[in-house]
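K.L.:
this one's structure only:
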């Protein structure tokens with residue numbers, strides 16, 4: 001398979017650029033594709049009242065810090081600290097109001113677990129989404145395209161594409177690049193059509209493989225199945241609102257590039273197309289439910305935490321059927 005080059009990136013950037021599509025001041029990109037009517041239609045998909053979480057629990061058993069061929073870039077699992085406890089209360093320690101209670105706090109990178117990559121997360125050369133200068137993201141946070149701009153989004157029709165099951169595998173092999181044909185064939189086999197403004201969730205099975213083995217080694221940044229560079233065409237053609245998967249970085253690893261290019265699919269999807277991306281989604285329960293009732297569409301609700309200036313956010317995505 002031919003390696004992705006800098007010229008390929010330049011050509012893809014020119015072909016798929018959405019800058020200005022929603023005006024010069026837009027900061028949410030393809031989330032604009034979901035209309036109020038789409039949300040109303042998504043609500044009508046709720047038939048049996050089942051709510052399925054697509055999130056890993058946020059705790060010290062998460063994937064960060066596991067052995068990997070790729071540096072963790074400072075990401076750690078959440079550190080949960082109790083500020084006051086029931087044992088404090090039992091021993092007579094009261095706050096100034098005399099209330100017997102517990103409080104706690106969490107210290108965590110915002111992209112250490114199930115999360116959204118915001119539009120300020122990845123740059124194409126010196127530019128972020130919609131042509132904003134990458135220097136708009138400062139030590140004070142993202143002055144443009146902060147994750148808080150999406151706080152009334154991430155609601156619509158969810159479509160689940162179980163690519164691993166469609167290819168008759170428990171898990172796709174590490175290094176397997178999902179193609180446009182794979183995505184089309186999976187949708188056809190499931191009897192579902194991807195529509196403009198959808199939230200598409202793709203299962204590779206990699207996370208379940210790690211959980212079954214009891215080890216995250218290799219998961220954060222190591223070799224993984226994922227989207228091949230060619231699927232940029234599929235993303236553009238379907239006009240989806242956002243895309244998510246059960247891997248650390250959505251795209252295939254190794255990246256099959258030359259010239260020191262890392263995560264080339266990210267270079268185009270986030271800053272050029274303006275697509276918010278979901279990573280580290282837990283899909284086992286949804287996969288089992290969809291295989292059981294043969295319904296692969298649902299109401300999807302997965303708001304980001306509106307942290308001003310953040311370039312990503314934890315989320316608890318819900319598939320409501």
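P.N.:
Nice, I can see it. Bear in mind the structure is a predicted one, so any value in this text is a computation, not a measurement.
K.L.:
Every contact and neighbour count from this point should use C-alpha atoms.
P.N.:
Noted.
K.L.:
tell me, what residue is most central in this structure?
P.N.:
residue 278 (0.7 Å; CA atoms, centre = their mean).
K.L.:
separation between it and residue 201?
P.N.:
Counting by CA to CA, to the nearest Å, the gap from residue 278 to residue 201 is 8 Å.
K.L.:
Kindly report the same for residue 23.
P.N.:
Using CA to CA, residue 23 is found at 28 Å from residue 201.
K.L.:
Ok, residue 141 next?
P.N.:
Separation of residue 141 from residue 201 (CA to CA): 28 Å.
K.L.:
higher neighbour count, the two?
P.N.:
Legend: neighbour count by other CA atoms under 10 Å for residue 141 and residue 201, higher for residue 201 (21 against 16).
K.L.:
Quick check: that one is in a helix.
P.N.:
No - using DSSP: H, G, I helix; E, B strand; the rest coil, the assignment for residue 201 is strand, not a helix.
K.L.:
Just the pLDDT for it.
P.N.:
On pLDDT, residue 201 comes in at 98.
K.L.:
Ok, residue 92 next?
P.N.:
Value for residue 92, per-residue pLDDT: 82.
K.L.:
for it, phi and psi?
P.N.:
phi 100, psi 10 (degrees, to the nearest 10).
K.L.:
Would you check that residue 132 makes contact with residue 144?
P.N.:
Yes - between residue 132 and residue 144 there is a contact at 7.4 Å, judged by CA atoms under 8 Å.
K.L.:
who's more crowded, those two?
P.N.:
Taking neighbours as other CA under 10 Å, residue 132 and residue 144 compare with residue 144 leading, 25 against 22.
K.L.:
just checking, that one touches residue 133?
P.N.:
No - contact criterion CA under 8 Å: residue 144 and residue 133 do not qualify, at 9.0 Å.
K.L.:
what touches both of residue 278 and residue 201?
P.N.:
Common neighbours of residue 278 and residue 201, counting by CA atoms under 8 Å, 6 or more residues apart in numbering, are 243-245.
K.L.:
As a check, name the ranges of all helices in this protein.
P.N.:
Remark: helices assigned in the chain by DSSP state H are 6-16, 36-43, 86-90, 163-166, 180-190, 206-213, 232-238, 264-268, 284-293.
K.L.:
Of those helices, which is nearest residue 126?
P.N.:
Nearest to residue 126 among the helices of the chain is helix 264-268 (11.2 Å), distances taken as CA to CA.
K.L.:
centre of the chain versus the closest one, how much separation?
P.N.:
A distance of 14 Å separates the centroid of the chain from that of helix 264-268, by CA atoms, centre = their mean, to the nearest Å.
K.L.:
before we move on, back to that, hmm, the residue nearest to the centre of the chain is touching residue 118, no?
P.N.:
No - contact criterion CA under 8 Å: residue 278 and residue 118 do not qualify, at 9.0 Å.
K.L.:
Overlap of the contact sets of those two?
P.N.:
The contact lists of residue 278 and residue 118 share no entry, where a contact means CA under 8 Å, 6+ apart.
K.L.:
How much space separates the closest residue to the residue nearest to the centre of the chain other than its chain neighbours from residue 115?
P.N.:
Nearest non-adjacent residue to residue 278, counting by CA to CA, 6 or more residues apart in numbering: residue 244, 4.0 Å away. As judged by CA to CA, residue 244 and residue 115 stand 9 Å apart.
K.L.:
Give me the more crowded residue out of those two.
P.N.:
residue 115 (27 against 23).
K.L.:
my guess is the more buried one contacts residue 282, does it?
P.N.:
No - judged on CA under 8 Å, residue 115 makes no contact with residue 282 at a distance of 10.7 Å.
K.L.:
Of the helices of the chain, which is nearest residue 314?
P.N.:
Per CA to CA, nearest to residue 314 of the helices of the chain: helix 206-213, 17.2 Å.
K.L.:
what angle sits between that closest one and helix 284-293?
P.N.:
110 degrees (axes from the mean of the first three to the mean of the last three CA atoms, to 10 degrees).
K.L.:
counting contacts, what elements does helix 206-213 pack onto?
P.N.:
If you count contacts as 3 or more CA pairs under 8 Å, 6 or more residues apart in numbering; DSSP states H and E, helix 206-213 packs onto no helix or strand.
K.L.:
Give the rounded mean pLDDT of it.
P.N.:
97.
K.L.:
gap between that helix and the chain center?
P.N.:
18 Å.
K.L.:
buried ones in it?
P.N.:
206-208 (16 or more other CA atoms under 10 Å).
K.L.:
Now do the contacts for residue 177.
P.N.:
225-228, 251-252.
K.L.:
Grab the two from those residues that are most spread out in space.
P.N.:
225 and 228 (8.9 Å).
K.L.:
quick one: residue 38 and residue 161, what's the gap?
P.N.:
19 Å.
K.L.:
Comparing these two, which residue is more hemmed in?
P.N.:
Per other CA under 10 Å, whichever of residue 38 and residue 161 has more neighbours is residue 161, with 29 against 17.
K.L.:
Fine by me, thanks again.
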